[in-house]
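Asker: give me coordinates for this.
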Amino acid sequence: MSIRSIGGLVVLALCAVASAAGAQRATPCSFSADHFSTDSTAVGQVVFAAGNVVLRCPARGIVLRGDSAERYPDHEYMIGHVIYDEPRFHVTSNYLNYFPLTEIVKAVGDVHARLPSGSTLVGPIAEYRRIQLPARPRAQMLAIARPTISIVEKDSTGKKTDPTVVVANQVYMDGDSLIYGGGQVVITRPEMSATADSAFIDDGHETMRLMRNPQLKGKKEKPFTLNGELIDLFSKSHKLQRVISRANAVAVSDSMTLRSDTIDLRLKDDALDHAYAWGKKGRARVITTSQNVLADSLDVIMPGQKVQLVRAVRDAFAQGKPDTTRFRVTPPDTTNWLRGDTIVAHFDSLPPTDTSKTPPIKQLVANGHASSLYHIAPSDSTEKRAAINYTNARTITVDFDQQRVATITAVDSVHGMFIEPKTDSTAAKRTKATNAAPKSTQPPAPAKTPAKPPAAAVVPPPPKRP
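Answerer: Got it, this is the predicted structure:
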């Protein structure tokens, strides 16, 4: 029999004595190493092991390996190149404590852990809590000092895709799918990235919540950003489909800026496809390069992340800059505007190959208590002042041609005014008369030389008599 085997039998005997005395260990574990020693301390008898240390707990399926170890009455302490294995968990670290009574594993130093799902954790410190019924029905993990979690993702066919990576100051995992992150959270997925002070991920239901100064960024061909105080994300087959931002929400894409209390975005093929905005404290506003629309709620249809249709509901207001190619505008009326109970804005549908960011405005339709003011080109092409069309009606339709107002159509209860600029008639007549006066063909007469004054007298006059 080898020296190592004899030493192992001796240590097993010593451990059996300690177990019988303390009655603290739930199930027996075998302990083997190249060298052993024992010592009595205030906490009880301690066994020291060095060289190829292996601890096996068959009833629990646990195998521990390390360069050296210390075995206390209530826990095992492994030192150097530690490997912890069980059917549902694998971890390597520099140091590791295993507490059998509470089923807690604490790893310190260069921790690399792998969960049953294939997800991994890398960090300086991690605590693994094994299942312990009834108090702990699922395995749990707690990591601090900014660990990195890589969550394995699979598509609808079961094929692995790029993982979701979570980095935070501290991370708590409940089971294989529930992840809580706190402190400077950074989440990276193939199609987007997100930052927040706190985050919750339910990988099983494919949901995510970002809290306290969250920001979401789309990373594909058509990027976008979303801010708010609370952001919820919903995916299907690990494809982002819906994002809701609450409180001071702002969404920015290459074709629009959307602001409201609440914004609900729908995505298709990693690009924005539809947007809803509403709020109680503040009104919803969408800003494009050609029109700004304000209302209690907005419905924006934007296939391929290009604005195609905007529906504004309740006290809607649309505003845009006039085309000043043929005229100029002066304060205070320098913008075109349209108001109504509802407004529908139609934008030109562009082919997919078009590279412009925002399609041009095509038509605006206001329904219910509609009114409008538009600057249009005057009939006199020499006039540089704009004609003004002010209209009230039940329905007002404004058609555009190359982003210029082409026609304004009003229906039912129509009244208003049209102001056409005209040249001042008095000034025109005076200018006309001046221009019409005959001009002389003779050269101008030379100027006359002024006469010289008479010369002064040489002999002075006689003096007056007294």
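
Asker: the bottom helix or strand of the protein by mean pLDDT?
Answerer: Using mean pLDDT, DSSP states H and E, helix 3-22 stands out as the lowest-scoring helix or strand of the chain, at a mean of 40.

Asker: just the helices in the stretch 351-466 of the chain please.
Answerer: 425-436 (DSSP state H, counting those that start in this stretch).

Asker: quick one: low-confidence ranges for it?
Answerer: Within the stretch 351-466 of the chain, the stretches with pLDDT under 70 are 351-358, 424-466.

Asker: who's Tyr374 bridged to?
Answerer: Beta-bridge partners for Tyr374, by DSSP bridges, are Asn389.

Asker: that one: what's it in contact with?
Answerer: The contact partners of Tyr374, taken as C-beta atoms under 8 Å, 6 or more residues apart in numbering, are 322, 336, 388-389, 398, 405, 408. All C-beta spots, glycine's among them, are computed from the backbone N, C-alpha and C.

Asker: these in strands, which ones?
Answerer: 336, 388-389, 398, 405, 408 (DSSP state E).

Asker: farthest-separated two in those?
Answerer: Ile388 and Val398 (14.0 Å; C-beta to C-beta).

Asker: what kind of secondary structure is Gly304 in?
Answerer: Look at Gly304: counting by DSSP: H, G, I helix; E, B strand; the rest coil, its state is helix.

Asker: surely it meets Ala271?
Answerer: Yes - with contact taken as C-beta atoms under 8 Å, Gly304 and Ala271 are classed as touching, separated by 6.1 Å.

Asker: which of those two has more neighbours?
Answerer: Higher neighbour count among Gly304 and Ala271: Ala271, with 19 against 14, using other C-beta atoms under 10 Å.

Asker: ok, now which ones touch that one?
Answerer: Residues in contact with Ala271 (C-beta under 8 Å, 6+ apart) are 218, 220-222, 304-305.

Asker: repeat that for Asp176.
Answerer: Asp176 touches 115-117, 119, 203-204, counting by C-beta under 8 Å, 6+ apart.

Asker: just name the closest of those to Asp67, please.
Answerer: Leu115 (25.5 Å).

Asker: how much space between Leu294 and Ser260?
Answerer: From Leu294 across to Ser260, the span is 10 Å (C-beta to C-beta, to the nearest Å).

Asker: these two: who's more crowded?
Answerer: More crowded of Leu294 and Ser260, by other C-beta under 10 Å: Ser260, with 29 against 19.

Asker: would you confirm that the more buried one contacts Gly282?
Answerer: Yes - under the criterion of C-beta under 8 Å, Ser260 makes contact with Gly282 at 6.7 Å.

Asker: quick one, domains of this structure?
Answerer: By the assignment in automatic domain parsing, the chain contains the domains 1-110, 146-252, 254-424.

Asker: kindly reformat the ones you listed as JSON lines containing distance to Gln132.
Answerer: Putting the domains of the chain into JSON lines (distance: least, C-beta to C-beta, whole Å) gives the following:
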{"stretch": "domain 1-110", "distance to Gln132": "5"}
{"stretch": "domain 146-252", "distance to Gln132": "14"}
{"stretch": "domain 254-424", "distance to Gln132": "41"}
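
Asker: right, and these - which one's nearest Ile125?
Answerer: Closest among the domains of the chain, once you apply C-beta to C-beta, is domain 1-110, at 5.5 Å.

Asker: now the closest one, how far from the centre of its chain.
Answerer: In this view, domain 1-110 has its centroid 49 Å away from the chain centroid, taken as C-alpha atoms, centre = their mean, to the nearest Å.

Asker: can you report how many residues neighbour Leu121?
Answerer: Leu121 has 22 nearby residues by other C-beta under 10 Å.

Asker: for it, give its distance to Asp85.
Answerer: 16 Å.

Asker: repeat that for Ala251.
Answerer: Ala251 sits 47 Å away from Asp85, going by C-beta to C-beta.

Asker: so for the two, which residue has more residues nearby?
Answerer: Ala251 (25 against 13).

Asker: just grab the bridge partners of the more buried one for me.
Answerer: Beta-bridge partners, per DSSP bridges, of Ala251: Leu226, Leu258.

Asker: just checking, it touches Tyr276?
Answerer: No - if you go by C-beta under 8 Å, Ala251 and Tyr276 don't touch, sitting 10.7 Å apart.

Asker: what do the two both touch?
Answerer: Once C-beta under 8 Å, 6+ apart is applied, the residues that Ala251 and Tyr276 both contact turn out to be Ile263.

Asker: name the strands paired with the helix or strand Glu127 falls within and say parallel or antiparallel.
Answerer: Using DSSP states H and E, Glu127 sits in strand 120-129. Looking at strand 120-129 with DSSP bridges, its partner strands are strand 104-114 (antiparallel), strand 140-144 (antiparallel), strand 148-154 (antiparallel).

Asker: give me the contacts around the shortest one.
Answerer: Around strand 140-144, the neighbours that count as contacts under C-beta under 8 Å, 6+ apart are 111, 113, 115, 121, 123, 125-129, 149, 169-175.

Asker: which of those residues are buried?
Answerer: In these, burial by neighbour count holds for 111, 113, 115, 121, 123, 125-129, 149, 170-175, counting by 16 or more other C-beta atoms under 10 Å.

Asker: report the contact partners of Ala277.
Answerer: 249, 258-260, 262-264, 284-286, 297-298, 300.

Asker: ok, Asn367 next?
Answerer: 340-344, 394-395 are the contacts of Asn367 under C-beta under 8 Å, 6+ apart.

Asker: for Glu76, see how far away it is.
Answerer: With C-beta to C-beta as the criterion, Asn367 and Glu76 are 76 Å apart.

Asker: what do you get for Ala139?
Answerer: 19 Å.

Asker: okay, those two: which has more neighbours?
Answerer: Ranked by neighbour count (other C-beta under 10 Å), Ala139 and Glu76 place Glu76 first, with 24 against 20.

Asker: show me what that one bridges to in the sheet.
Answerer: Residues in beta-bridge contact with Glu76 (DSSP bridges): Arg71, Tyr98.

Asker: no further questions, thank you.
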